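Peer 1: The following block contains a protein sequence and its predicted model.
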Amino acid sequence: MNLYAESSAVLAWLMGESSGEQVRRMLSRSPLVLASELTLIECDRVLIRAVAAGYMSEADGADRQRLLKSVVAHWNLLRLEDEIVERARRFFPREPIRTLDAIHIASALFAQSAVGSLVVLSLDERIRACARALGFPVSPE
């Protein structure tokens, strides 16, 4: 199953949340993982904030950033192309949707047009509802 990896799922894995192991397994088993540059930005920002706020040591933050970088090397990253930006600016079937969520959904639509079958891997209920309304299967179930 081809996956679009949205930030909430990737962060659950990186931050060791209860659903993180399931996300990790799905990512490792997928023949094709696609993600937006936005996913990397959001993940790095969460790690930086966690270190700055004292929730995580600098060493742990750096380790998790290295882990993300090594895993992402095997993914297909989607740049914030004009087509994605333009789609994010339009109506979605589950409004209201936040700006960054709209970019994720637009990126998944762009990826789907390139690879065909695609599952949206997300733990964010707004993204999951919008993705379902657009016909995407979502995971985890």
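Peer 2: Thanks, I have the structure now.
Peer 1: just the helices in this structure please.
Peer 2: 7-14, 20-29, 37-52, 58-72, 82-88, 99-115, 125-133 (DSSP state H).
Peer 1: Now do the second one against helix 58-72: the angle between them, please.
Peer 2: What that stands for is helix 20-29. Interaxial angle of helix 20-29 relative to helix 58-72 (axes from the mean of the first three to the mean of the last three C-alpha atoms, to 10 degrees): 30 degrees.
Peer 1: The last one too?
Peer 2: Per the same axes, to 10 degrees, the angle that helix 125-133 makes with helix 58-72 is 10 degrees.
Peer 1: if we can go back for a sec, tell me which of the helices of the chain is the most buried.
Peer 2: Mean neighbours per residue, mean count of other C-beta atoms under 10 Å, is largest over the helices of the chain for helix 7-14, with a mean of 24. Glycine gets a C-beta too; all of them are placed from N, C-alpha and C.
Peer 1: ok, L118 to G135 distance?
Peer 2: Applying C-beta to C-beta, to the nearest Å, the value for L118 to G135 is 10 Å.
Peer 1: actually C43, sorry about that
Peer 2: 27 Å.
Peer 1: Equivalent analysis for Y55, please.
Peer 2: Y55 is 38 Å from G135, by C-beta to C-beta.
Peer 1: Kindly report the same for L32.
Peer 2: Taking C-beta to C-beta, one finds L32 at 19 Å from G135.
Peer 1: Pick out whichever of the two has more residues nearby.
Peer 2: More neighbours surround L32 than the other of L32 and G135, with 15 against 9 (other C-beta atoms under 10 Å).
Peer 1: shouldn't the more buried one be in contact with A5?
Peer 2: No. Counting by C-beta atoms under 8 Å, L32 stays clear of A5, with 10.6 Å between them.
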